[in-house]
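J.: fold the following for me, if possible:
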Amino acid sequence: MTLTDTAALSTSAVTERERLVAAARDLSPPLRSNAARAEEDRRVPQENIDALRNAGLFDIIKPARFGGSEEGFRTFLEVALEIGRSCASTAWVTTLSRCR
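T.: Presented below is the predicted three-dimensional model:
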């Protein structure tokens, strides 16, 4: 009798931390294109705020029972770092608005 494993060799699921960091990374093009405007206007463009909200990046450490991801501070910092690579102003606002 021969047993055949039908499962994929790599079954590692993407963690919530990895998903959130990837979401921040995916926002790089629009955040980067708005970075100069954020500096000039001394205000983060509404498109950036909307993109962060839609990606769930304001809810990283918010408890799950309130609709958040309930992740730890490490995830919060990794996401802020990723956003900061594209737009420092947006990253700063994100860190101030972490439980919005």
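
J.: contacts, neighbours, all on C-alpha from now
T.: OK.

J.: measure Pro30 to Arg74 for me?
T.: In this view, Pro30 and Arg74 are 24 Å apart by C-alpha to C-alpha, to the nearest Å.

J.: can you pick out the residue with more neighbours from those two?
T.: Pro30 (14 against 11; other C-alpha atoms under 10 Å).

J.: now the element after the longest helix along the chain, going C-ward?
T.: Counting by DSSP state H, the longest helix found in the chain is helix 28-41. Using DSSP states H and E, the helix or strand that follows helix 28-41 in sequence is helix 46-54.

J.: got a list of contacts for that following helix?
T.: Ala24, Leu27, Pro30, Leu31, Asn34, Phe58, Thr90 (C-alpha atoms under 8 Å, 6 or more residues apart in numbering).

J.: for those residues, work out which two are farthest apart.
T.: Farthest pair in the contacts of helix 46-54 (C-alpha to C-alpha) is Asn34 and Phe58. Separation: 18.7 Å.

J.: more neighbours: which of those two?
T.: More crowded of Asn34 and Phe58, by other C-alpha under 10 Å: Phe58, with 22 against 19.

J.: so for stretch 33-53, mean pLDDT?
T.: The average pLDDT for stretch 33-53 rounds to 96.

J.: for this protein, which residues score under the pLDDT cut-off?
T.: Residue ranges of the chain with pLDDT under 70: 1-12, 98-100.

J.: can you put the contacts of helix 46-54 in CSV and add distance to Val79?
T.: Formatted as CSV, these follow (distance: C-alpha to C-alpha, whole Å):
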residue, distance to Val79
Ala24, 6
Leu27, 11
Pro30, 16
Leu31, 13
Asn34, 18
Phe58, 10
Thr90, 11
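
J.: quick one: work out the angle between whichever strand or helix holds Arg25 and helix 28-41.
T.: The secondary structure element spanning Arg25 is helix 16-26 (assigned by DSSP H and E). If you take axes from the mean of the first three to the mean of the last three C-alpha atoms, to 10 degrees, helix 16-26 sits at 60 degrees to helix 28-41.

J.: output helix 16-26 as CSV, nothing but the C-alphas.
T.: C-alpha atoms of helix 16-26 as CSV (Å, rounded to 0.1, in the frame of the first residue of the first chain):
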residue,chain,number,x,y,z
GLU,A,16,-2.0,38.8,9.9
ARG,A,17,1.2,40.6,10.6
GLU,A,18,2.5,39.7,7.1
ARG,A,19,-0.8,40.7,5.5
LEU,A,20,-0.7,44.1,7.1
VAL,A,21,2.9,44.8,6.3
ALA,A,22,2.2,43.7,2.7
ALA,A,23,-0.8,46.0,2.6
ALA,A,24,1.4,48.9,3.7
ARG,A,25,3.9,48.0,1.0
ASP,A,26,1.3,47.8,-1.7
